[in-house]
Every structure is written in C-alpha cells, then in structure tokens.
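[1] okay, sequence plus prediction incoming.
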Protein chains: 2
Amino acid sequence: MKFCMIGSRGHYPYVFQSIGKVSGISLEGVSGGCEDDPAPLVKAAGKAGFSPKVYDDWKAMLAEVSPDLVAVDGPFDKHAEMAAWALERGIHVFCEKPIALTLEDLEKVIAAQKRSGARIISMVGLRYQADFQYALQLVRAGAVGKVKMVRAQKSYRLGSRPEFFRHRATYGGTIPWVGSHAVDWILAFSGSAFHEVYATQTSEDNFNHGELEVACQCLFTMKNGVQAMASIDYLRPSAAPTHGDDRVRVAGTEGVLEVMDGKVVLIDKEGKRELSVPPAERDLFSDFANSLTGKQECLVPEWETFELTRACLLARESADTGKIIRF
Amino acid sequence: MKFCMIGSRGHYPYVFQSIGKVSGISLEGVSGGCEDDPAPLVKAAGKAGFSPKVYDDWKAMLAEVSPDLVAVDGPFDKHAEMAAWALERGIHVFCEKPIALTLEDLEKVIAAQKRSGARIISMVGLRYQADFQYALQLVRAGAVGKVKMVRAQKSYRLGSRPEFFRHRATYGGTIPWVGSHAVDWILAFSGSAFHEVYATQTSEDNFNHGELEVACQCLFTMKNGVQAMASIDYLRPSAAPTHGDDRVRVAGTEGVLEVMDGKVVLIDKEGKRELSVPPAERDLFSDFANSLTGKQECLVPEWETFELTRACLLARESADTGKIIRF
C-alpha cells in the first residue's frame, strides 16, 4: 500500500500511532501542503522507519507516486480541495476534520467520492480513544437500553493560537473544529443521522483571537428521536490538569453511562459503578487503512464522515443565522 | 407573624426545615387545598410544635385567619389561583414552583402582586442547598471571572408517579416541574434575565406515564450574552445511589466551577481543586419570611420568581411548538 502525507496542521500524528499495524504500507512521499514546512512530517516519518521523498507541490507528489492512500492535514480551508482531488483519482483519503469548511466544498468531496468509489474518513480520533471506544461498545450492546439523550462536552485550553485560527475563512469556526468531536460522539452514541439543529456561539471575550468563537452550544434532535446537546468552549484554564475536558453522557431507558476524566461510569439496575476500561481494540488510522484491503470493517462508515461534516456546518450556520435548521 | 398552609403535594417540608428561625411566627391554619388530605400538614405542624386549625376550604381559612403569610402547595394547576387570591388580599405567598402553569395565570399572579405589593417567592430550594448556595457566592465573588456559559442538569428517578403527573393540565410538564430548578440555577449563575430559548422534549418511552415528558433539553441565551443549557430527565435508574443527579457547570473567563455529587470543584489559575462546602448560610423559608419583616434581603428577588416561571413556560412552549422564542 503506497502512502503519502500532505500537511501537519492538525492530527497527522494519528498516522504514526498505528502505522505499524498496517502490513505492507510504505510512506513514499510527504508535502508541507501549500504553506507549511514539511520538517515535522519528515521527522515523524523517520522515527517510524520511513524515508519518504519530500515534495513542494502536493499535486505533483500524488501524480508521481500515485499512492493508494493519502493523509490530508494541510491548511483547514484546503482539506476539501485536496481530498476531492485525491478521491477523483481513486486515492483513498485519511482527512483531518472537518473535511470541508463550507457545504459547497463538502458536496464536491461527496461527488468525487461517489464518482470514484475511493474511501474517505476524517480524523475522529476521540471516537477511538480507549474510554470512548469502550463506552460505545457498551451502549451498542444495550448497556443503557434504548438511548434517549446524548450530551457531549469539549472544553479546551485556548492558549495562544496561530493567526489562521483567528479568521473564519482559514479556521472554519469552533463548532466545526473543536465541536466535531462532540458531534461525532452524538452521531455514534445516538446511532442515528441528524434531524434538526439549533446552536449559539460567541466570539466575545476570546482573549484577542479575532473571529474565533470562544464558547458554543448546540442542541440536536436525531432522526430516531434521540435528543442531544453539545457544549463547546475554550474556557479551560491553563492551570487545568489536562488540555481537554472531554465528556459524554448517554441516558437511556435502562441506564445512564458517562465518560469523564478518562473513566467510564455506568448506572443501571445493578447500581452505580466505574467500569475498568480495556485497551482500545482499534486505532483510527490502522482501522481505516486495513479496511481498504478488506481485512476488517472500519468503525466509521463513509456516510458518517459526510454526515458529521454536514452536521458541524449546519450547526455553525444555525449559530450564524439564529435559525433552527432541518437536515 | 400569622401563617397558614394550603396543600402538601410538593415541597411544603421546606417550611419546617427553617420555621424555627422565624421569630414570632405562628402556624394558625392548614387546609388540604381542594383535593388532598390535610393529615401530612397536621402531623408536620405538630412535630414543629404548632396546633393549627384545620380547614376544608382554603379561602374560608384565609378570610378567617387573615394571615401575614401563606404557603401554597396545593394541586399544581391551582397554584396561580391560590397565590393571586392571597396576594390580592395583601397576604405574602410562599408558593410551590412553578407558580403558574400558563402564561395567562402567571400574568394574573403578577398583576395581583403589583396591586397589593405583597411578596411572593417560589420553592426554589435547590438554590439554597449548601453546595449550590456556596457555589453561587463564589461565582458572584468572581471565582470564574466573567461568566460565559452555564450548564445545568436535573436527572430524577421516575418511579411510579400519581395520576395527576400523567396529564399536562394537572402536571404542567417536565420542563416547568423538574426543570424549574435548572432554569433557576441558570438565572442565578448567569446573573441575567433571559433573552431567547429553544427546547425539545419527548413523552416516548415514559414507562406508561401518559403525557409526562421523560426527557427534555433547553438552550438559552441570556440578555447579558451568557449561553446556557439545561438537560432534564426522569431516566435515573431506581438503583442509583440518590434520587436526583443535580449539577451545574459555570465557565467564565477566569475559571470553571462545577457542582456535582454535592461537591464544589473549581479550576482557575491555581489549578483544579475541590472546595470544602460550608453549611448553608440561609434557608429558603426563613430567608423569605424574615425578609418580610425587613430583617434581611431575600436571596431571590420578586422579579426572579416571575422571570423563572416565565422562562419555564416559554421553554415548554418552544418544545411544544418547535420554535425559538424570544422573551
């Protein structure tokens, strides 16, 4: 499996977390992706035992190497262009989320995928994190009965973000960027596509970060009737013990399950208890890469990658316009 | 201070928690309030050292005793009639929440209060609970800087509820009944009146409880820009360690404070730590009763009692109609 990588703005390290589990993969080319230094990619590749050729021009790289798979992690506003270009040529895409910053760009990616049949997944690594992955197994096995509510939280330290975070055009907004994890959990734990969304957001008091929204909240109803909400903020103090405070609460007809502080706590007819979290069964990158050769099914099907992206963009549109949006 | 009590459907025990702190108060009459047995009131009064006269007819009681203060805890759909009747006659009212089940009834109570100047508070006992009361003191003292987000949770065991819970006309709905606590926290912690609300609710899978909504969610924006959400459900398993899982999370420009499991946890520039919760400084009933004689200011001003009730009813209307509602 010939593999290339473009850009290092976001979560490309997921590749190296599990590339060792993809037999026969060969990282043949890396590119900074328009604007960035390829050095981090070269260094990470070296540590993983690869010596890829370095390209200035990512299109030239893909044309020359003709890889089976490419990781897209360039400028946020270039994800869609890069992903669509690769998909059109039958190259599978491991893409930073959100895969598009506009609905128009999303449609281009979907159209390219439909035409070629090549596969795409976005870097929803937190669905694969051991605690969330185990919680999802439990919920799918009926631990809380019929799911009625899902509540997700993303709370991050802001720190001082690079300039491109401060402009909607290059950042895309906090609901798509930070919130995509929360929206992905909602999609996974509810077991349903989205029906409707209403959201709010604010850029006030954002510590001089331009247009960046510092706090957002989304309220969803799902096609299967599940009610869901996401709370998203950059208000986590720098002295907090970890970078992010990631949480999910799933309430159903037979129990309530929560992921918080890396722990999974279940309340059901046996009472309340913390469950021991086993090591993650699957890793994001290897799960996707190995699914391409038919070795296993990927935890995230294609339609969920598109549905997640659409949900983030429509939630942002709701917050931008103050309107309820039906999917 | 002559005092009467009507009904025992809800939180009348708040009276007896702190009646001993109201000097000179005398419980002179109790009434079952239209439909209920007065025995629980008589028994509780006796334990507190009072021997009130028992009346079948609450209006006759108020006319005969002419009390300074009455506790209203009759049928939910009679709160507004009883409160307005008393207020019109200059009797202060300690009223079960919500004080009205319709906006029309709320307007009648407000009009009666405005005409006589008598005072009213609703039984928002959870604002006075030691953990929440302390948290509110901290937030008002600036513990999290400028408040940006408030998230409240009410999760109750359902059990098997009396027949009147199963009909909107006599119950009023889960957002006003259970959610009023969450909405009251939002009002208090945000330090602002409400600007807009969108809410959802469902009666499906409610364990044969008729029209009772088993799960609800509300998303508010406040006039001062704070974003707030409430999650309200009856999905807490019967084997859970406590009846309710009450929570508030307040995120601001300088910290995040949470109340959960009776604990208060603050993250700020000093890091994350649990704060020792002191005993409650004030109790709901005595705070209100003593404020009537000018001994102290009540923690809940009149406008908040009305604003809380209106917010609950408009959130319910949003969930009923699927529309965003501006206050």
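    Alright, I've got the coordinates.

[2] what sits against the nearest residue to A:Ser116 once chain neighbours are set aside?
    Closest residue to A:Ser116 in three dimensions, ignoring its sequence neighbours and counting by C-beta to C-beta, 6 or more residues apart in numbering or on different chains: A:Gly90, at 4.9 Å. Where you see a C-beta, it was placed from the backbone N, CA and C, and this is true even at glycine. Contacts for A:Gly90 (C-beta atoms under 8 Å, 6 or more residues apart in numbering or on different chains) come out as A:Ser116, A:Gly117, A:Ala118.

[3] which one (most neighbours) among those residues?
    Counting neighbours by other C-beta atoms under 10 Å in any protein chain shown, the top entry in those is A:Ala118, with 21 neighbours.

[4] which residues does that one contact?
    Shown here is A:Ala118, whose contacts under the criterion C-beta under 8 Å, 6+ apart are A:Ala86, A:Leu87, A:Arg89, A:Gly90, A:Ile91, A:His92, A:Val93.

[5] got phi/psi on the nearest residue to A:Ser51 once chain neighbours are set aside?
    Nearest in space to A:Ser51, with sequence neighbours left out and distances taken as C-beta to C-beta, 6+ apart, is A:Ala45 at 7.2 Å. For A:Ala45, the backbone dihedrals are phi -60, psi -40 (criterion: degrees, to the nearest 10).

[6] pull the number of nearby residues for A:Ala45.
    If you count neighbours by other C-beta under 10 Å, A:Ala45 ends up with 21.

[7] that one contacts A:Ser31, doesn't it?
    No: using C-beta atoms under 8 Å, A:Ala45 makes no contact with A:Ser31, being 12.0 Å away.

[8] number of residues surrounding the residue of the stretch 51-200 of chain A found nearest chain B?
    Closest approach between the stretch 51-200 of chain A and chain B, counting by C-beta to the nearest C-beta: A:Tyr198, at 4.4 Å. Counted with other C-beta under 10 Å, the neighbours of A:Tyr198 add up to 26.

[9] what about stretch A:296-303, how long is it end to end?
    Taking C-alpha to C-alpha, to the nearest Å, stretch A:296-303 runs 17 Å from one end to the other.

[10] list the buried residues for that stretch?
    Of the residues in stretch A:296-303, A:Cys298, A:Leu299, A:Val300 count as buried by neighbour count, 16 or more other C-beta atoms under 10 Å in any protein chain shown.

[11] still on that earlier bit, which residues are common contacts for A:Ala45 and A:Ser31?
    Here A:Ala45 and A:Ser31 share the contacting residues A:Met5, scored by C-beta under 8 Å, 6+ apart.

[12] just the ones of the contacts of A:Ala118 in helices?
    Applying DSSP state H to those, the entries found in helices are A:Ala86, A:Leu87.

[13] pull out the buried residues from the contacts of A:Ala118.
    Listed as buried from the contacts of A:Ala118 are A:Ala86, A:Leu87, A:Arg89, A:Ile91, A:His92, A:Val93; burial here means 16+ other C-beta under 10 Å.

[14] is the fifth one bridged to anything, and to what?
    Counting by DSSP bridges, A:His92 forms beta bridges with A:Leu69.

[15] you'd agree it is up against A:Gln113?
    No: taking C-beta under 8 Å as the definition, A:His92 is not a contact partner of A:Gln113, at 9.7 Å.

[16] and for the two, which residues touch both?
    When contacts are counted by C-beta under 8 Å, 6+ apart, the set common to A:His92 and A:Gln113 consists of A:Arg119, A:Ile120.

[17] hmm, back to that, which strands or helices does the helix or strand harbouring the residue of the stretch 51-200 of chain A closest to chain B pack on?
    Using DSSP states H and E, the secondary-structure element containing A:Tyr198 is strand A:194-202. On a contact count with 3 or more C-beta pairs under 8 Å, 6 or more residues apart in numbering or on different chains; DSSP states H and E, strand A:194-202 meets helix A:174-177, strand A:215-222, helix A:302-321, strand A:325-326, strand B:215-222, strand B:227-236.

[18] that'll do, ta.
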